[in-house]
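**Q** Quick one: sequence plus predicted model below, questions after.
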Amino acid sequence: MKAEPVVKKNRTGFCSTVVVAALAALACACQAQITLTVSAAASVTDGVKETEAAYKQSHANVEFINNFGSSGMLATQIDQGAPADIFLSAASKPMDDLESKGLTAAGTRRNLLRNTLVLITPIGSSLRDFQGLTDNSIHVIALGDPGSVPAGQYGRQTLVSLHLFEKLNAKVVLAKDVRQVLTYVETGNADAGLVYATDALTSTKARVVATAPETSHEPIIYPVAVVKGSHSEEAARKFIEYLASPAAQAIFQKHGFIIAAP
């Protein structure tokens with residue numbers, strides 16, 4: 001019986017395909033898993049979570065651990081040695097403090113976002129403007145603690161600028177971060193509060209009655225940087241680059257943020 005000829009070309013092609021597929025699978029399997037700890041201002045909670053989810057679609061090996069809170073508190077934690085790879089602040093000063101101590105990686109800081117400050121009340125309130133806060137019907141005004149909460153610092157500056165702070169000081173209740181201010185207003189535990197416009201957008205139980213004049217407070221800038229000593233500095237740098245990309249910017253804009261000038 002005559003033997004069938006061996007088609008070497010096809011066999012070789014098949015083997016090559018198998019080898020390439022095996023190498024690709026091996027490369028995927030060997031891709032290092034990376035965990036990035038992100039310490040970020042409470043006001044960027046929703047935007048950061050969504051950008052992380054979008055990033056993971058093309059970086060499946062990257063996991064995130066988030067630590068949201070007041071920027072001042074987060075900066076203090078980092079200064080005291082708390083693990084963090086990325087710091088996203090709602091004000092320049094906390095970042096300035098870390099940078100002055102050499103706690104940010106050189107060349108990684110950039111201004112990422114901007115925001116506006118608004119006066120909110122529970123739905124149904126008759127309050128119409130900042131001057132109305134002096135009315136006897138307003139008993140409690142929620143404000144982030146100016147000692148650690150940038151929104152509280154901007155709020156205090158605004159009330160001082162409008163010549164209202166001394167008149168309202170007895171009504172002010174301090175909160176640990178801007179999201180707690182929002183909760184106080186939503187639950188009726190405060191008659192009014194000062195939050196970012198982005199926080200107000202997340203609520204169906206509070207409404208905006210006035211926007212603080214831009215000249216009444218320092219510019220609301222959100223800087224971001226890699227924390228010095230990060231165990232995954234390269235990955236952290238890449239994620240910060242993504243945060244400044246058009247795709248990530250579109251997500252932040254959807255949540256009400258303004259993109260900071262480069």
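**A** Here it is on my side, so go on.
**Q** which stretches of the stretch 1-150 of the chain aren't confidently modelled?
**A** For the stretch 1-150 of the chain, the stretches with pLDDT under 70 are 1-31.
**Q** which stretches of it form helices?
**A** Per DSSP state H, counting those that start in this stretch, the stretch 1-150 of the chain carries helices over the ranges 8-30, 45-56, 71-79, 92-100, 150-161.
**Q** what's the domain layout of the protein?
**A** Domains of the chain are assigned by automatic domain parsing as 32-114+221-259, 117-216.
**Q** Pipe those into CSV and attach mean neighbour count per row.
**A** Yep, even glycine has a C-beta here, placed from its N, CA and C like the rest. Output for the domains of the chain, formatted as CSV (neighbours: other C-beta atoms under 10 Å):
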stretch, mean neighbour count
domain 32-114+221-259, 19
domain 117-216, 19
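**Q** Enumerate every residue touching the residue most central in space within the chain.
**A** Nearest to the mean C-alpha position of the chain, by C-alpha atoms, centre = their mean, lies V44 at 2.9 Å. For V44, the contact set (C-beta atoms under 8 Å, 6 or more residues apart in numbering) comprises 68, 88, 90, 113, 198, 222, 252, 257.
**Q** so of those, which ones are in strands?
**A** 68, 88, 113, 222 (DSSP state E).
**Q** For the residue nearest to V185 when sequence neighbours are not counted, give its distance to Q80.
**A** Nearest residue to V185, sequence neighbours excluded (C-beta to C-beta, 6 or more residues apart in numbering): G193, at 4.3 Å. Plainly put, G193 is 30 Å away from Q80 if you go by C-beta to C-beta, to the nearest Å.
**Q** And for S126?
**A** For S126 relative to Q80 (C-beta to C-beta), the value is 45 Å.
**Q** before we move on, what about S232?
**A** 21 Å.
**Q** One more: Y196?
**A** In terms of C-beta to C-beta, Y196 sits 27 Å off from Q80.
**Q** Repeat that for R110.
**A** For R110, the distance to Q80 - C-beta to C-beta - is 25 Å.
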